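**Q** Build me a model from this:
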Amino acid sequence: MGNKEYQKCFVCGKENPIGLKVDFTLDESGNAQAKLIIASDYEGYPGVVHGGIISTLLDEAMAKAVFALGKAAFTANMSLKYRRQLPSDTPVILEGKIVQDRGRMIKTQATISDEDGIFAEAEALFVLPRK
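**A** Numbering: from 1, shown residues only. Predicted structure coming up:
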């Protein structure tokens, strides 16, 4: 699957006018990382990034970790912990990684953090589609 196929992706697509346009760095061991600043356009409460945006970013980081393995899978379930409010316009690091690869089922983890610690973290199970 080429990058062209994902240009409308809300998180990473460069052709999505309302998207986040996040640039990820991937490695073949199943790690994905991005450094970004989430604009005030994506706030819930004034000055605070919307929790749904944070959830979306964590989901995408885990999906990119799966993609780093050369696989395209779908989120089957995800659990999420918000640890502290994420102010908009704050530099953060978004990381996703593979915890366990069992063929069609892949366990993942992700965090969004800064130098002071974690804002939110997630775990998810991704499933490859049946052929």
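
**Q** how much space between the residue lying closest to Glu60 once chain neighbours are set aside and Arg104?
**A** Spatial nearest neighbour of Glu60, chain neighbours left out: Val11 (4.0 Å); criterion: Cβ to Cβ, 6 or more residues apart in numbering. All C-beta atoms are positioned from the backbone trio N, CA, C, and that covers glycine. Val11 sits 24 Å away from Arg104, going by Cβ to Cβ, to the nearest Å.

**Q** So these two - more neighbours on which side?
**A** Using other Cβ atoms under 10 Å, the more surrounded residue of Val11 and Arg104 is Val11, with 22 against 13.

**Q** is it true that the more buried one touches Leu20?
**A** Yes: the pair Val11 / Leu20 is scored as a contact, 5.2 Å apart, by Cβ atoms under 8 Å.

**Q** Find residues that contact each of the two.
**A** Common contacts of Val11 and Leu20 (Cβ atoms under 8 Å, 6 or more residues apart in numbering): Leu57.

**Q** what does stretch 21-36 contact?
**A** For stretch 21-36, the external contacting residues (Cβ under 8 Å, 6+ apart) are 11-14, 20, 57, 60-62, 64-70, 91-98, 101.

**Q** Give the buried residues for it.
**A** 22, 24, 26, 30-34, 36 (16 or more other Cβ atoms under 10 Å).

**Q** what's the closest of those to Val49?
**A** Leu36 (10.9 Å; Cβ to Cβ).

**Q** So that closest one versus Leu80, what's the distance?
**A** The gap separating Leu36 from Leu80 is 18 Å, by Cβ to Cβ.

**Q** Please apply the same query to Cys12.
**A** Taking Cβ to Cβ as the measure, Cys12 falls 20 Å from Leu80.

**Q** Which parts of the protein are strands?
**A** Assigned by DSSP state E, the strands in the chain fall at 25-27, 31-37, 74-82, 91-102, 105-114, 117-127.

**Q** What is the longest one packed up against?
**A** What it means is strand 91-102. Other helices and strands packing on strand 91-102, by 3 or more Cβ pairs under 8 Å, 6 or more residues apart in numbering; DSSP states H and E, are strand 31-37, helix 51-68, strand 105-114.

**Q** which of these is buried the deepest?
**A** helix 51-68 (a mean of 22; mean count of other Cβ atoms under 10 Å).
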